[in-house]
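>>> predicted model and sequence follow; I will ask about them next.
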Amino acid sequence: MLQNTHSLIIYALIMFVAGLGIPVMAALNGGLGSKLQNTALAAAILLFIGLCIALIYLFASNGVPKTLFVADTPWYFYLGGCFVMFYILTITWVAPKFGIANAITFVLLGQLVAMTVIDHFGFFGVKPFELDLKRLTGLVLMITGVLLVLSKPQHA
């Protein structure tokens, strides 16, 4: 049990740090897109650098892959990059105009809805987690908190 708890803490910390990087990436790439006056070029630069890092990691950790396709893998498992690309293009374009907090807040709302539906129905082969009253309450509290981030402070 201790090992499992330790792993869960490590996973949570890793994902927390990954979450910290999302608004930083949005600010950096939004700024790059504004300076270049080209959202698509900023996105391409971001993805090129990401591809280089991913390839270095791939070759360092696993060597050269023997195959890119496995017979029983659904075709749509290969489409994750479409969602990454959509996110990068939209955050690069919208964040400088809408604000990092506003943009990320609505991204987070979309993530909360998608994670709930995917987990509840077990889409894409994930282990299903039923949306019970406890999870629904937590989701409503999270959405409320996210929306409170958008409220403007009142100045005297």
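Structure's in. What do you need?
>>> for the longest helix anywhere in the chain, packing partners?
For the chain, the longest helix by residue count, based on DSSP state H, is helix 2-36. In terms of contacts (3 or more CB pairs under 8 Å, 6 or more residues apart in numbering; DSSP states H and E), helix 2-36 is packed against helix 39-62, helix 80-98, helix 100-121. Heads up, the C-betas are built off the backbone N, CA and C, glycines and all.
>>> quick one: that helix to helix 80-98, angle?
Angle, helix 2-36 to helix 80-98, by axes from the mean of the first three to the mean of the last three CA atoms, to 10 degrees: 60 degrees.
>>> give me the secondary structure label for F129.
Here F129 is recorded as coil under DSSP: H, G, I helix; E, B strand; the rest coil.
>>> residues contacting L58?
L58 sits next to P65 when contact means CB atoms under 8 Å, 6 or more residues apart in numbering.
>>> how near is it to L51?
10 Å (CB to CB, to the nearest Å).
>>> follow-up on the earlier one: buried residues of the longest helix of the chain, list them for me.
22-23, 25-27, 29-30, 32-34 (16 or more other CB atoms under 10 Å).
>>> then stretch 119-131?
Neighbour-count burial for stretch 119-131 [16+ other CB under 10 Å]: D119.
>>> distance from the chain centre to that stretch, please.
Stretch 119-131 sits 18 Å away from the centroid of its parent chain (CA atoms, centre = their mean, to the nearest Å).
>>> need the residues that contact that stretch.
76-77, 116-118, 135, 139.
>>> and it, end to end?
This stretch, stretch 119-131, spans 8 Å end to end (CA to CA, to the nearest Å).
>>> coming back round to it: would you convert the buried residues of helix 2-36 into CSV that also reports pLDDT and distance to A103?
Shown next, in CSV, are the buried residues of helix 2-36 (pLDDT from 0 to 100; distance: CB to CB, whole Å):
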residue, pLDDT, distance to A103
I22, 92, 10
P23, 91, 8
M25, 94, 11
A26, 93, 6
A27, 93, 10
N29, 94, 11
G30, 94, 8
L32, 96, 15
G33, 95, 13
S34, 94, 14
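>>> so what's N102 up against?
Counting by CB under 8 Å, 6+ apart, N102 touches L150.
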